[in-house]
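**Student:** Have a look at this fold, sequence not included:
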């Protein structure tokens, strides 16, 4: 082999080792083409050599697999605080008092009905309050007051007795309705467990007039004409309570002018159909005559007698039960009539007291939230405790 050929082979080996087989082949082809012919046998065919893997390729370093070794120095975890729930004090639940029994719309006369309130528990007989609402109102206007006393173990009877129109009222006819409600209470005392030995009558405004009439009238014959129930002899009530009452006094009924510039006496006389001259004569006589002399007024016409008998002061004779006359300090109704009636009762030897509730208006007892309601109720309770003991 010629030295030149040997050099070529060595170059090829080196190139192959460097991974440049393609380039080496090209060099051999160029060299073979330019080489001079020789007398030696034909060269053996050059085999296409597949490059062997580079044995010089570095072996990859093994990847370290990290297995955490427990740290023997790891501090022992602090114990978790366990919370033990301390039972809270259960608030004391005050049981709600059961509501009073309510029996509405019991018919007691033609076109008249009443409501009955009874204590929630107990068989009775219960001390009884007969309550009369004011003019332009209804029995429901006294619901708060009736409920208050039914919750305190009283039976309460509240009639729709009339007085839908104060200015057009026939007082005599309205009082018949009031007396009939009392007669109904006597007739149904056993049914509703009413204690007839402990009955007190209450009235608001015009209802105070009705209550006072039940307290002073000795002979109710003219006031129970059309009533379907019988009223026993006098002594029906143990006491009378009025709030802002009207009593037929000279100071209010005969003198106090309403918004219309007329008095209640004027309206009543007109309702009865009294001639103007007779009305004026009766009015003048009543104003000049002391209360104790009203029973001695001479002959009057039938209408004039009806009018006179419809005024509470006419009947006072000293046989009346105790009276509690309450008036609101902010009442639009003058207190003069209340004081005058109390003075007449006291002069006749009747126990009568006037109590003024400072912040109360005329309708304070119609709603529990109104100023004066609670104080009025407490005042009535004290009176009841005294007269019903």
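**Tutor:** Noted; the coordinates are in hand. Because the structure is a prediction, the values reported are computed rather than measured. Residues are numbered from 1 along each chain as shown.
**Student:** Tell me the backbone dihedrals of the spatially closest residue to residue 118 that is not a sequence neighbour, please.
**Tutor:** Sequence neighbours aside, residue 101 is the residue nearest to residue 118 in space, at 4.2 Å (criterion: CB to CB, 6 or more residues apart in numbering). Quick note: C-beta positions are derived from backbone N, CA and C, even for glycine. Residue 101 has phi and psi values of phi -70, psi 130 when expressed as degrees, to the nearest 10.
**Student:** Quick one: residues contacting residue 101.
**Tutor:** By CB atoms under 8 Å, 6 or more residues apart in numbering, residue 101 lies in contact with 117-120, 150.
**Student:** same question, residue 203
**Tutor:** 131-132, 209-212, 241-243, 245.
**Student:** burial count for the closest residue to residue 360 other than its chain neighbours?
**Tutor:** Excluding the flanking residues, the one nearest residue 360 by CB to CB, 6+ apart is residue 372, at 2.7 Å. By other CB atoms under 10 Å, the residues close to residue 372 number 22.
**Student:** Now do residue 372 against residue 331, distance only.
**Tutor:** Counting by CB to CB, to the nearest Å, the gap from residue 372 to residue 331 is 10 Å.
**Student:** Also residue 188?
**Tutor:** 34 Å.
**Student:** Likewise for residue 323?
**Tutor:** Distance from residue 323 to residue 331, by CB to CB: 18 Å.
**Student:** picking that back up, quick one, which of residue 188 and residue 331 is more surrounded?
**Tutor:** Set residue 188 next to residue 331 and count neighbours by other CB under 10 Å: residue 331 wins out with 21 against 17.
**Student:** which ones are touching that one?
**Tutor:** Contacts of residue 331 (CB under 8 Å, 6+ apart): 244, 360-362.
**Student:** Return the member of those nearest to residue 235.
**Tutor:** Top of the list for closeness to residue 235, among the contacts of residue 331 and by CB to CB, is residue 244 at 27.0 Å.
**Student:** Tell me how many other residues surround the closest one.
**Tutor:** 28.
**Student:** you'd agree it is up against residue 329?
**Tutor:** No: counting by CB atoms under 8 Å, residue 244 stays clear of residue 329, with 11.0 Å between them.
**Student:** On the three-state scheme, residue 114 is what?
**Tutor:** Secondary structure, DSSP: H, G, I helix; E, B strand; the rest coil: residue 114 is strand.
**Student:** Show me what counts as buried in the longest strand seen in the chain.
**Tutor:** The longest strand of the chain (DSSP state E) is strand 194-204. Within strand 194-204, the residues that count as buried by 16 or more other CB atoms under 10 Å are 194-196, 198-204.
**Student:** can you list those in CSV and add pLDDT and distance to residue 235?
**Tutor:** Below are these laid out as CSV (pLDDT from 0 to 100; distance: CB to CB, whole Å):
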residue, pLDDT, distance to residue 235
194, 97, 16
195, 97, 14
196, 94, 10
198, 96, 12
199, 97, 10
200, 98, 13
201, 98, 13
202, 98, 18
203, 96, 19
204, 95, 24
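**Student:** closest to residue 305 among those?
**Tutor:** Nearest to residue 305 among the buried residues of strand 194-204: residue 203, at 23.9 Å, using CB to CB.
**Student:** Now do the contacts for the residue nearest to residue 360.
**Tutor:** Contacts of residue 372 by CB under 8 Å, 6+ apart are 328, 357-361, 364-365.
**Student:** repeat for residue 106
**Tutor:** Listed by CB under 8 Å, 6+ apart, the contact partners of residue 106 are 113-116, 184, 188.
**Student:** Make a PyMOL selection of whichever of those turn out to be buried.
**Tutor:** The following PyMOL line selects those of the contacts of residue 106 that are buried, judged by 16+ other CB under 10 Å:
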select buried, resi 114+115+116+184+188
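**Student:** returning to that earlier point: let's see if you can find the most crowded of the contacts of residue 101.
**Tutor:** Those, ranked by neighbours (other CB under 10 Å): first place residue 117, 28 neighbours.
**Student:** helices and strands of this structure: which one has the lowest mean pLDDT?
**Tutor:** helix 21-34 (a mean of 41; mean pLDDT, DSSP states H and E).
**Student:** isn't residue 287 right up against residue 250?
**Tutor:** Yes: with contact defined as CB under 8 Å, residue 287 reaches residue 250; the gap is 5.7 Å.
**Student:** and these two? which has more neighbours close in?
**Tutor:** Neighbour count, other CB under 10 Å: between residue 287 and residue 250, residue 250 has more, with 22 against 11.
**Student:** Just to be sure, that one is in a helix?
**Tutor:** No: in this structure, residue 250 is coil, not part of a helix, as judged by three-state DSSP.
**Student:** What pLDDT does the model give it?
**Tutor:** Note for residue 250: predicted pLDDT of 87.
**Student:** Check the gap between it and residue 163 for me.
**Tutor:** 21 Å.
**Student:** contacting residues for residue 303?
**Tutor:** Residue 303 neighbours (CB under 8 Å, 6+ apart): 272-274, 278.
**Student:** please redo it, this time with the cut-off set to 10 Å
**Tutor:** By CB atoms under 10 Å, 6 or more residues apart in numbering, residue 303 lies in contact with 172, 269, 272-275, 278-279, 282.
**Student:** if I've got this straight, it is in a strand?
**Tutor:** No: judged by three-state DSSP, residue 303 forms no part of a strand; its state is helix.
**Student:** Distance-wise, check it relative to residue 118.
**Tutor:** 42 Å.
**Student:** if we can go back for a sec, spell out which residues are contacts of both of residue 287 and residue 250.
**Tutor:** Common neighbours of residue 287 and residue 250 (CB under 10 Å, 6+ apart) are residue 265.
**Student:** which stretches of the stretch 151-300 of the chain form strands?
**Tutor:** Along the stretch 151-300 of the chain, counting by DSSP state E, counting those that start in this stretch, strands occupy 155-159, 194-204, 239-243.
**Student:** Dump those to CSV, plus distance to residue 348.
**Tutor:** Output for the strands of the stretch 151-300 of the chain, formatted as CSV (distance: least, CB to CB, whole Å):
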stretch, distance to residue 348
strand 155-159, 28
strand 194-204, 19
strand 239-243, 14
